[in-house]
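Chemist: With the sequence up front, the predicted model follows.
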Amino acid sequence: MSNLIWLTDRQMKRIEPYFPLSHWIARVDDRRVLSGIIFVIRNGLRWRDAPSDYGPHKTIYNRFIRWSRLGVFNRILTELTGMAGTPDQVMIDATHLKAHRTAASLLKKGPVPRRIGRTKGGLNSKLHAVCDGAGRPLVLLLSEGQMSDFEGAALMFDAIPDAKALLGDKGYDADWFRQALAERGIEPCIPSKTNRKVPIPHDRNLYRQRHKIENMFGKLKDWRRIHTRYDRCAHAFKSAIAIAATVIFWL
């Protein structure tokens with residue numbers, strides 16, 4: 001196939017230091033298997049439909065699940081974003097991701113929640129994100145679809161970099177959030193809700209930059225297994241998001 005995806009030598013060199021050790025057992029070619037994982041997630045295929053150029057589909061699937069449970073893909077994203085340093089401004093927002101029926105099928109087993117909720121739009125998950133000024137994701141959080149924006153912000157607050165300003169929409173207009181940002185020396189650029197008796201002014205010119213985080217969500221949703229969630233386990237779906245974010249923005 002002429003449209004196959006292959007990681008370059010430069011890209012492999014950047015992420016290889018974060019691969020788990022093989023414990024003296026020869027491992028199937030990392031470049032081939034990871035490229036197959038990316039191809040499946042990018043095109044929304046079933047694992048069994050992965051092109052034979054990437055090797056047995058069971059090898060690709062098993063590598064994805066095993067490394068997802070180990071947190072390898074999340075660690076790669078965290079390490080690469082950490083190399084970028086502290087940005088001057090950050091942006092925060094959230095988006096819904098539709099859950100396919102296969103993601104919510106069967107009974108829930110184990111102590112870890114699936115992060116699938118029910119809203120007016122049906123079964124879905126919610127992806128909360130903090131980006132830098134260029135629209136590159138720094139912090140990602142997966143939650144149930146019904147979780148509010150400011151609840152997600154509270155869970156991510158400690159991981160938000162100490163930037164000069166934070167851009168957010170009206171969903172983040174909460175007194176506690178503004179005060180918490182001020183205590184860290186971060187200037188909130190958040191429009192006031194319509195029910196505020198005394199509106200709080202914000203920098204309108206700076207706020208126009210917030211479209212970059214919307215563009216980031218759009219690029220992530222171009223990957224079909226991100227736009228529609230097929231994975232039952234939250235760790236597997238979060239790993240798929242981390243892979244997409246790493247390839248699109250950090251490699």
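Modeler: Alright, I've got the coordinates.
Chemist: what about K221, how many neighbours?
Modeler: 16 (other Cβ atoms under 10 Å). Quick note: C-beta positions are derived from backbone N, CA and C, even for glycine.
Chemist: do T8 as well
Modeler: T8: 11 neighbours (other Cβ under 10 Å).
Chemist: Show me where the stretch 151-251 of the chain has its helices.
Modeler: 175-183, 204-207, 211-221, 224-227, 234-245 (DSSP state H, counting those that start in this stretch).
Chemist: Next: the stretch 1-150 of the chain.
Modeler: In the stretch 1-150 of the chain, the helices defined using DSSP H, counting those that start in this stretch lie at 9-15, 30-43, 57-70, 72-82, 149-156.
Chemist: Least confident of those helices, on average?
Modeler: Set side by side, the helices of the stretch 1-150 of the chain give their lowest mean pLDDT on helix 149-156, at a mean of 91.
Chemist: residues in contact with that helix?
Modeler: Here helix 149-156 makes contact (Cβ atoms under 8 Å, 6 or more residues apart in numbering) with 92-94, 126, 128, 130, 139, 141, 143, 168-169, 171-172, 174, 177.
Chemist: how about a cut-off of 6 Å?
Modeler: Helix 149-156 has contacts (Cβ atoms under 6 Å, 6 or more residues apart in numbering) with A94, H128, V139, L141, S143, G171, Y172, A174, F177.
Chemist: That helix relative to helix 175-183, how many degrees between them?
Modeler: Orientation check (axes from the mean of the first three to the mean of the last three Cα atoms, to 10 degrees): helix 149-156 against helix 175-183 gives 40 degrees.
Chemist: Could you measure from the residue nearest to K219 when sequence neighbours are not counted over to A242?
Modeler: Excluding the flanking residues, the one nearest K219 by Cβ to Cβ, 6 or more residues apart in numbering is I248, at 5.4 Å. Look at I248 and A242: by Cβ to Cβ, to the nearest Å, they are 11 Å apart.
Chemist: For H211, the count of nearby residues, please.
Modeler: Using other Cβ under 10 Å, H211 has 12 neighbouring residues.
Chemist: how far away is it from C131?
Modeler: Distance, H211 to C131, by Cβ to Cβ: 11 Å.
Chemist: cool, and K170?
Modeler: For K170, the distance to C131 equals 18 Å [Cβ to Cβ].
Chemist: Between the two, which has more neighbouring residues?
Modeler: C131 (28 against 12).
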